[in-house]
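Student: Okay, here's the prediction I keep looking at, along with the sequence it came from:
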Amino acid sequence: MLCLILLVAATALVFAGYGRHEIAATGAPQPHCPTTPATRGEGPVVQVDQNGIVRSATPPDGTVALTYDGGPSPDWTPRLLDVLAAHHAKATFFLTGAEAAAHPDLVRRIVSDGHELGSHTYTDVDLAQVSETRADLELSLTQNALGASTGLGTRLLRLPHTTGLATFCEDQWEAGRRVAQAGYVLVAADGKSVLQLTGSAQAVDETEKLLARPGGTTRYTSVGQALGLTETTYHVSTLAEWKGAAFVQAQSASRGFADAMTWLLVAAGVITAVRLALLIGVARVHVRRTRSKRRRGAPRLPPVTEPVSILVPAYNEEAGIEATVRSLLASTHQAIQVVVIDDGSSDRTFEIAESIDDPRVMVVRQPNAGKAAALNTGLAWAHHDLVVMIDGDTVFEPDAVRRLIQPLADPRVGAVSGNTKVGNRQGVLGRWQHLEYVIGFNLDRRMYDVLECMPTVPGAIGAFRRGALAGVGGVSEDTLAEDTDLTMALCRAGWRVVYEESAIAWTEAPSTVRQLWKQRYRWCYGTLQAMWKHRRAVVEGGQSGKLGRRGLLYLLLFQTVLPLIAPLVDVFAVYGLLFQDPGQALGVWLGFTAVQVGTAVYALRLDRERFEPIWTLPLQIVVYRQLMYLVVVQSVVTALLGSRLRWHRMQRTGTATETLDRTAAVGHSTTG
């Protein structure tokens, strides 16, 4: 369905661009004609019969055919019609099909005022420079536009970019003779009996001066009346009229879509720039607020030293469960209970966890019921009032638990989000996810913290009050994003949720596109479920209202609406690069990339990360971001169709375990 939508969008842009001369526009005609045809006739109006015999005609003395090229235009056509009506003069309007389709009311007024219609091709194209197929299309589309507006067709044609017949180049004459032999009457100009004026405000003034000459006896009329030609226009069939009407509606829709996309691109750019400015500005506030406290020495509130229960739900995590548990046991906060909940694993997860000989470790086994159920089982076995929840593939830094629980010294705080980092970041896909975590997730969490609207405490590292969890009924199984659902429930219950940047955990990110797609599909779909479940927060007060009117609206705009329209914006950007001003389109893209790079540098600096992965950022914008957009599109479509996803689990390979340990050690040395 997405491919179909993008195909329709691309077709609409191409159709609109064709009518606006952005696609397949012809160059300037030859300034000089190298040859002269043997015969063209002597008069400015030419007909060619089926046998190729050329006949020309000239209006009689005292009669001048007024002709206007181009339009109709709301800027000058109504004024010109008023001038002609005031002087009781008639004229022939050679209209371009694209403008006739855009302004059908003006075409109808031309006919109702008694004037004559002629064709100036659909896009004012030089027929000598195009193929016969393109020439036939130009004339056919113009007839469709005229038929839809008035129910009339025309046999009169003026070749664009030509004047007098004697000035036709050889290729122009050949193009004209071919269409004339097909039934058209070619109307050139001689400056005396057939006057040619280009539609514009200047043409209105020239017509006024011409018709207002005192004592004039010249009759100014249309080509057909000047020469006594019959059936220069004709009534089209009902079927042709319907066909023309459909064509006009298609052009109107395509132009409207192209105009809307222009404004949408501008709006998306402005909104994105505002978001980046907001993220950076609020991040600075968050950094000053948190790091200045550490520089001043002892915190205002006493340190939290209470024992902690750490819940580790695990399903087929044999590749990393031992590294996860041992990183917890190495914590500088020694008063811990580690509860490993094996959720019906079919591998050696249970055996490996149970083999860890430490009295602080408890291993619980249950039939497979999903992560939320596993966490609730862990809560039932937890001994302490402070609870930390992590994923079965996460490696904690030694001081992560201690740092994570410190914000709980504030009795208003019900949950704390830690700082999740990607451990396996060697390949391009790993680097892209690393940048996403640092630039997107962590900058967002700083903003959510300052604005008090944190929507998600990540499943990889989060601390909670047990009483707060009990107050919201534990971990809900209503959505696939149990961490987001739980966090929103805590906010709606009046608890503050904060971000602790110094509490660092290292996680194994998906190593293949297929695994990444499954993970993000689950995240996105689950977030949509949670947003819908907690939608009433938008109209509620207190902490719930902050979540609703800040957090939920932010998620709706930047994680749902903009990603949904992003593929259309990208199609329009590609169109602009190919058919509009490529320099301008490239400049906009380079400017956007420069802003992203600057934001990345700032975010990496805040997280004390190396700048090396930035070289992959331009490619991330082109490839990785499109993948994430498609995930959002699929998730929204799934939600709208009412489908229900099963819980997807990423397949662990174990190849990142050594990387996680090594990266954690480096991270500890640089952030400690």
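Tutor: Now that the structure is in, tell me what you want to look at. Numbering: from 1, shown residues only.
Student: would you list every one of the helices in the stretch 201-350 of the chain?
Tutor: Using DSSP state H, counting those that start in this stretch, the helices of the stretch 201-350 of the chain run over 201-211, 223-227, 238-295, 321-329, 349-354.
Student: For the fourth one, which helices and strands make contact with it?
Tutor: So the one you mean is helix 321-329. Applying 3 or more C-beta pairs under 8 Å, 6 or more residues apart in numbering; DSSP states H and E, we find helix 321-329 packed against strand 308-314, strand 336-343, helix 349-354, strand 395-396, helix 657-671. Placement of C-beta: from N, CA and C, glycine included.
Student: pull the CA atoms of that helix into PDB?
Tutor: Below are the C-alpha coordinates for helix 321-329, written out as PDB (Å, rounded to 0.1, in the frame of the first residue of the first chain):
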ATOM      1  CA  ILE A 321      22.700 -13.800  30.500                       C
ATOM      2  CA  GLU A 322      25.900 -14.700  32.400                       C
ATOM      3  CA  ALA A 323      27.600 -11.400  31.400                       C
ATOM      4  CA  THR A 324      24.500  -9.500  32.400                       C
ATOM      5  CA  VAL A 325      24.200 -11.100  35.900                       C
ATOM      6  CA  ARG A 326      28.000 -10.900  36.600                       C
ATOM      7  CA  SER A 327      28.000  -7.200  35.700                       C
ATOM      8  CA  LEU A 328      25.200  -6.700  38.300                       C
ATOM      9  CA  LEU A 329      27.100  -8.600  41.000                       C
END
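Student: quick one: it to strand 336-343, angle?
Tutor: 160 degrees (axes from the mean of the first three to the mean of the last three C-alpha atoms, to 10 degrees).
Student: Show me what counts as buried in helix 321-329.
Tutor: Neighbour counts over helix 321-329 (16 or more other C-beta atoms under 10 Å) mark 321-328 as buried.
Student: next one: stretch 607-620
Tutor: So for stretch 607-620, counting by 16+ other C-beta under 10 Å, buried means 607, 609, 613-614, 616-617, 620.
Student: If you average the pLDDT over it, what comes out?
Tutor: For stretch 607-620, mean pLDDT is 88.
Student: who's in contact with it?
Tutor: The list of residues contacting stretch 607-620 from outside it, by C-beta atoms under 8 Å, 6 or more residues apart in numbering, reads 419, 421, 425, 428, 431-432, 434-436, 438, 442, 501, 593, 596-597, 600-601, 604, 670-671.
Student: and the end-to-end length of it?
Tutor: Counting by C-alpha to C-alpha, to the nearest Å, you get 20 Å between the two ends of stretch 607-620.
Student: where exactly do the strands run in the stretch 51-200 of the chain?
Tutor: 54-57, 63-69, 92-95, 116-119, 152-154, 156-157, 185-187, 194-198 (DSSP state E, counting those that start in this stretch).
Student: residue ranges with poor pLDDT in the protein?
Tutor: Along the chain, the model assigns pLDDT under 70 to residues 26-40, 215, 292-300, 642-672.
Student: the longest strand in it is where?
Tutor: For the chain, the strand that runs over the most residues, judged by DSSP state E, is strand 496-507.
Student: Show me what it packs onto, helices and strands only.
Tutor: Using 3+ C-beta pairs under 8 Å, 6+ apart: strand 496-507 touches helix 238-295, strand 395-396, helix 400-405, strand 413-422, helix 443-451, strand 461-465, helix 482-492, helix 657-671.
Student: so which helix or strand takes in the most centrally placed residue in the chain?
Tutor: Nearest residue to the geometric centre of the chain (C-alpha atoms, centre = their mean): residue 566, 1.6 Å. Secondary-structure element containing residue 566, defined by DSSP states H and E: helix 562-579.
Student: which other residues reach that helix?
Tutor: 2, 5-6, 9-10, 13-14, 17, 22-23, 258, 261-262, 264-265, 268, 271-272, 582, 584-586, 588-589, 625-626, 628-630, 632-633, 636.
Student: please redo it, this time with the cut-off set to 6 Å
Tutor: The contact list for helix 562-579, computed with C-beta atoms under 6 Å, 6 or more residues apart in numbering, reads 6, 9-10, 13, 17, 22-23, 261, 265, 268, 585, 629, 632.
Student: now stretch 130-141
Tutor: By C-beta under 6 Å, 6+ apart, stretch 130-141 touches 97, 121-122, 125, 127.
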